[in-house]
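[1] Below: sequence and its predicted model.
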Amino acid sequence: IPQGDDLVKAILDLKKEKNAVILAHYYQPAEIQDIADYLGDSLQLARAAKDTDADMIAFCGVHFMAEAAKILNPTKKVVLPDTQAGCSLADGCSGEGLRAMRENHPNALIATYINCNAETKAESDIIVTSSNAETIIEALPKDRPIIFAPDKNLGKYLAKKTGRDMILWDGSCIVHEAFSMERIAKQLAVNPNAKLIAHPESETPVLDLASFVGSTSALLNFVEKDAAQEFIVATEEGILHEMKKRAPHKKLMPALVFDESCNCSECFYMKRNTLEKLYLCMKYELPEITMDEELRLKALKPIEAMLELST
Ligand code: 13P
Ligand code: SF4
């Protein structure tokens with residue numbers, strides 16, 4: 001495997017040779033973000049995957065994101081640098097579990113966060129991402145209760161914002177639930193000019209403390225445009241790479257987590273991808289995301305319902 005600048009060049013050569021596009025999430029390692037053709041949040045990346053005319057999509061994110069790309073653009077070859085790049089939310093919610101929940105609440109609509117696998121999507125009425133969840137929940141018929149899966153923290157946040165009756169799946173993100181309200185409160189006290197901004201996968205006490213709550217792209221836009229010069233950022237710390245580029249003169253601090261010995265808010269899954277693995281997956285076109293066509297069509301329906309409702 002080439003190293004250093006040669007590795008970057010080899011990836012760019014493969015991209016040309018194979019007519020590939022590299023999509024990356026804001027939580028990816030910095031060197032992957034820097035080489036990507038398109039950097040975005042879950043919704044932006046899903047749209048980019050749907051619209052691309054490249055022959056191969058090298059998806060630098062986690063498995064459910066690459067799977068969504070395949071669902072939306074099945075004729076393209078979708079490769080993921082490391083298939084072990086999972087997600088605690090996706091891993092904790094099965095299609096079977098959601099089916100059982102529907103049986104217990106036959107009148108409910110199922111709105112499911114995009115952080116789930118294809119089987120779970122296939123059991124859902126509509127998919128949401130953190131960028132469009134509030135708009136979509138507001139748009140659902142008022143006379144039906146809503147089952148929301150799998151993130152209970154995002155679900156609680158949405159129930160509070162929209163006033164809707166929501167039955168929540170008991171799932172959470174291992175990265176965002178590690179933020180400590182007590183440690184962040186102390187961090188705010190020693191940085192009195194800083195604003196706390198948080199991703200809605202964080203727990204309620206953290207969200208209650210925050211000046212702004214939003215998806216990764218919304219957090220980036222907020223830091224860029226807001227008048228404040230200092231921010232404490234409660235989301236996966238990979239986002240600070242792009243944030244520093246967009247707001248180079250502002251002071252950006254990762255929010256502190258429960259473990260006193262570590263201030264780290266890294267998503268272990270997102271960080272499984274490396275430049276070396278990206279090179280190998282493009283070279284050998286493996287591991288490839290494949291899917292049964294019947295399942296793909298079932299999972300596509302609620303994603304299309306989402307895209308129709310989000311601007
Ligand atoms: P975004 O859609 O806000 O980018 O969030 C994705 C995610 O996995 C957050 O943990
Ligand atoms: Fe999943 Fe959390 Fe990692 Fe996002 S940060 S991919 S929700 S485990």
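    Yes, it's here. Ligands and ions are numbered 1, 2, ... in the order given.
[2] What pLDDT does the model give the closest residue to residue 168 other than its chain neighbours?
    For residue 168, ignoring the flanking residues on the chain, the nearest one in space by CB to CB, 6 or more residues apart in numbering is residue 155 at 4.2 Å. Heads up, the C-betas are built off the backbone N, CA and C, glycines and all. pLDDT for residue 155: 98.
[3] Now do the contacts for residue 155.
    148-149, 166, 168-169 (CB atoms under 8 Å, 6 or more residues apart in numbering).
[4] Can you get me a residue count around the closest residue to residue 265 other than its chain neighbours?
    Closest residue to residue 265 apart from its sequence neighbours, by CB to CB, 6+ apart: residue 237 at 4.9 Å. When neighbours are defined as other CB atoms under 10 Å, residue 237 has 19 of them.
[5] Also residue 94?
    Neighbours around residue 94, by other CB under 10 Å: 16.
[6] Was I right to think it contacts residue 118?
    No: in terms of CB atoms under 8 Å, residue 94 does not count as a neighbour of residue 118; the distance is 11.3 Å.
[7] what's the helix or strand harbouring residue 218 packed up against?
    Assigned by DSSP states H and E, residue 218 belongs to helix 216-225. In this structure, helix 216-225 packs against strand 194-198, strand 212-213, strand 230-234, helix 239-246, with contacts taken as 3 or more CB pairs under 8 Å, 6 or more residues apart in numbering; DSSP states H and E.
[8] The residue nearest to residue 265: what's it in contact with?
    With CB under 8 Å, 6+ apart, residue 237 has these contacts: 254, 264-266.
[9] Residue 243 now?
    Contacts of residue 243 (CB under 8 Å, 6+ apart): 219-220, 223, 231, 233, 252.
[10] swap in residue 36?
    Contacts of residue 36 (CB under 8 Å, 6+ apart): 22-24, 28, 60.
[11] Could you rerun that using 6 Å?
    Shown in contact with residue 36 (CB atoms under 6 Å, 6 or more residues apart in numbering): 22, 24.
[12] Mind pulling the model confidence for it?
    With respect to pLDDT, residue 36 has a value of 98.
[13] Can you name the helix or strand that the residue of the stretch 201-311 of the chain found nearest ligand 2 falls in?
    Nearest to ligand 2 in the stretch 201-311 of the chain, going by CB to the nearest ligand atom, is residue 267, at a distance of 3.4 Å. For residue 267, there is no helix or strand it lies in under DSSP H and E.
[14] count of residues packed around it?
    Residues near residue 267, counting by other CB under 10 Å: 22.
[15] Just to be sure, residue 112 is in a strand?
    Yes: Residue 112 sits within a strand when classified using DSSP: H, G, I helix; E, B strand; the rest coil.
[16] Can you tell me, leaving aside adjacent residues, what's nearest to it?
    Per CB to CB, 6+ apart, closest to residue 112 is residue 124, 3.9 Å.
[17] how about that neighbour, secondary structure?
    Residue 124 is classified as coil under three-state DSSP.
[18] How about residue 84?
    Classified using three-state DSSP, residue 84 is coil.
[19] Just the pLDDT at the most centrally placed residue in the chain, thanks.
    The C-alpha lying nearest the average C-alpha coordinate of the chain belongs to residue 42 (CA atoms, centre = their mean; 4.7 Å). The score at residue 42 is 98. That number is its pLDDT.
[20] how close does the nearest residue to it once chain neighbours are set aside get to residue 246?
    Spatial nearest neighbour of residue 42, chain neighbours left out: residue 129 (4.5 Å); criterion: CB to CB, 6+ apart. Distance of residue 129 to residue 246, computed by CB to CB, to the nearest Å: 20 Å.
[21] between those two, which one's more packed in?
    residue 129 (23 against 13).
[22] quick one: contacts for the more buried one?
    By CB under 6 Å, 6+ apart, the residues touching residue 129 are 42-43, 114.
[23] Tell me the one of those nearest ligand 1?
    For those, the nearest to ligand 1 is residue 42 (3.2 Å; CB to the nearest ligand atom).
[24] quick one: which of the helices and strands packed on helix 216-225 is nearest ligand 1?
    Here helix 239-246 is closest among the helices and strands packed on helix 216-225 (CB to the nearest ligand atom), at 8.5 Å.
[25] Quick one: name whatever helix or strand follows the closest one.
    Following helix 239-246 in sequence, per DSSP H and E, is strand 251-254.
[26] What helices and strands are in contact with that next one?
    strand 230-234 (3 or more CB pairs under 6 Å, 6 or more residues apart in numbering; DSSP states H and E).
[27] Residue 48 - nearest residue in space that isn't next to it in sequence?
    residue 38 (4.7 Å).
[28] Same question for residue 259.
    That would be residue 178: by CB to CB, 6+ apart, it lies 7.3 Å from residue 259.
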